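> here is a sequence together with a model predicted from it:
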Amino acid sequence: MKYLLFIVLVLLMPLVLGQGLEAQQASQTIAQDVEQIRSAQQGTVSFLFADFYILNDGSVFVSGRSNIDPQIPGISFNEAEGKFEGNTQRLPSKLGETWIFNLNVEQIYKDINVKIILPRNAKLLTSTLTASTLPFVTSSDSTLTIELIDKDSSLNVKFDYETSAMEESIDLTQIFVLGTVAIVIIVLYIIYIKKFKKKGKEKVITKAKVQKVRERKEGEKHEIKKGPESFRERYESVKVTLNERENKIISALIDLGGKAKQNQLRSYVAIPKASFTRHLFSLERKNLILKKGLGKTNIVELNYEF
């Protein structure tokens with residue numbers, strides 16, 4: 001009986017183990033599918049979308065989006081925004097008259113869509129074109145575009161191309177002409193500005209001289225009217241608006257010839273320092289006196305122009 005049970009177990013064991021392995025494999029497959037679905041929902045499925053614009057001088061302007069840094073030589077990756085953009089000189093190299101474009105992105109992406117736009121009138125040496133996926137070459141307005149679309153792959157593309165000598169010479173000619181025109185404009189502008197400033201200065205000097213002559217003549221006309229006596233005549237009309245101490249200060253200045261040092265004037269009118277300073281401020285605000293600094297003291301004088 002024991003032998004019979006042993007034989008039955010031996011016969012049933014492969015069947016039981018096989019079912020266990022199948023269940024384990026099914027479980028792993030389901031887990032992988034769930035993980036892929038979860039990654040897709042969370043936006044973590046890797047992708048690379050980019051445009052490469054090759055210029056005549058061999059530099060390349062790159063602009064694209066990805067959620068994993070493609071590590072393109074000479075281009076920085078903005079991880080926060082998932083973007084990369086800039087110019088690089090490290091993709092094409094030149095051998096004689098032929099340019100060699102070589103791009104290798106080792107990262108494997110779930111979705112790849114890349115366009116490489118050659119310079120206008122450039123000639124693609126198709127026999128040299130190799131890529132990790134089948135490239136699509138299209139032409140529009142004398143410009144060739146190589147498009148690479150792939151899934152679950154890295155990105156590798158290499159090809160040779162030649163630029164149009166005429167296109168390059170046109171670019172250089174345009175640059176030379178534009179540069180020459182710009183220099184001429186700048187020189188003419190500088191000459192114009194210098195002449196304009198010179199004329200402006202002459203006009204200002206002329207106006208200043210005329211004004212000075214007029215002021216001198218007006219001063220000569222009114223010179224006789226200036227002085228303590230002429231001030232006294234006008235002062236009589238506003239005397240009633242001043243207080244006693246302010247009138248005392250004005251009278252003292254008239255007696256002292258129209259001006260005096262501040263400490264000398266205070267001693268003359270015998271008014272306390274704090275009150276004296278306050279009254280001077282009031283008279284100065286009424287345009288009856290002027291104060292001018294002289295070392296550590298002030299000169300107080302009558303304002304004949306009030």
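That came through fine. Everything numeric in this text was worked out from a predicted model, so none of it was measured.
> can we go C-alpha only for contacts and neighbour counts from here?
Noted.
> how about the strands in the stretch 201-306 of the chain?
Taking DSSP state E, counting those that start in this stretch as the test, the strands found in the stretch 201-306 of the chain are 259-261, 289-294, 297-302.
> nearest to Asp141, out of those?
Judged by C-alpha to C-alpha, the one of the strands of the stretch 201-306 of the chain that comes nearest to Asp141 is strand 289-294, at 80.4 Å.
> how about residues contacting the closest one?
280, 283-284, 298-303 (C-alpha atoms under 8 Å, 6 or more residues apart in numbering).
> export the strands of the stretch 201-306 of the chain to TSV and tack on mean neighbour count and distance to Tyr268?
Converted to TSV, the strands of the stretch 201-306 of the chain look like this (neighbours: other C-alpha atoms under 10 Å; distance: least, C-alpha to C-alpha, whole Å):
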stretch	mean neighbour count	distance to Tyr268
strand 259-261	19	10
strand 289-294	16	16
strand 297-302	18	13
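> Gln174: which element?
For Gln174, the host element (DSSP states H and E) is helix 165-222.
> actually Ser153, sorry about that
Using DSSP H and E, Ser153 falls in strand 143-162.
> so what secondary structure elements neighbour that strand?
Under the contact definition 3 or more C-alpha pairs under 8 Å, 6 or more residues apart in numbering; DSSP states H and E, strand 143-162 sits against strand 98-117, strand 123-131, strand 136-140.
> single out the most deeply packed of the ones you listed.
Per residue and on average, the most neighbours among these fall to strand 98-117, with a mean of 17 (mean count of other C-alpha atoms under 10 Å).
> and it, what's its mean pLDDT?
The pLDDT scores in strand 98-117 average 95.
> quick one on the thing from earlier: and the angle from the strand holding Ser153 to strand 123-131?
Going by axes from the mean of the first three to the mean of the last three C-alpha atoms, to 10 degrees, strand 143-162 is angled at 90 degrees with respect to strand 123-131.
> centre of the chain to strand 143-162, how far?
36 Å (C-alpha atoms, centre = their mean, to the nearest Å).
> buried set for that strand?
Of all the residues in strand 143-162, those buried under the rule 16 or more other C-alpha atoms under 10 Å are 144-150, 153-155, 157-162.
> re the thing from before, nearest to Val240, of the helices and strands packed on strand 143-162?
Counting by C-alpha to C-alpha, and looking across all of the helices and strands packed on strand 143-162, nearest comes strand 98-117 at 93.0 Å.
> which elements pack onto that closest one?
strand 47-54, strand 92-95, strand 143-162.
> could you dump these to a markdown table with mean pLDDT and distance to Ile254?
As requested, the helices and strands packed on strand 98-117 are exported to a markdown table (pLDDT from 0 to 100; distance: least, C-alpha to C-alpha, whole Å):
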| stretch | mean pLDDT | distance to Ile254 |
| --- | --- | --- |
| strand 47-54 | 97 | 89 |
| strand 92-95 | 94 | 93 |
| strand 143-162 | 95 | 95 |
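> could you redo those as JSON lines and give each row distance to Leu103?
Listed next are these as JSON lines, based on distance: least, C-alpha to C-alpha, whole Å:
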{"stretch": "strand 47-54", "distance to Leu103": "10"}
{"stretch": "strand 92-95", "distance to Leu103": "9"}
{"stretch": "strand 143-162", "distance to Leu103": "5"}
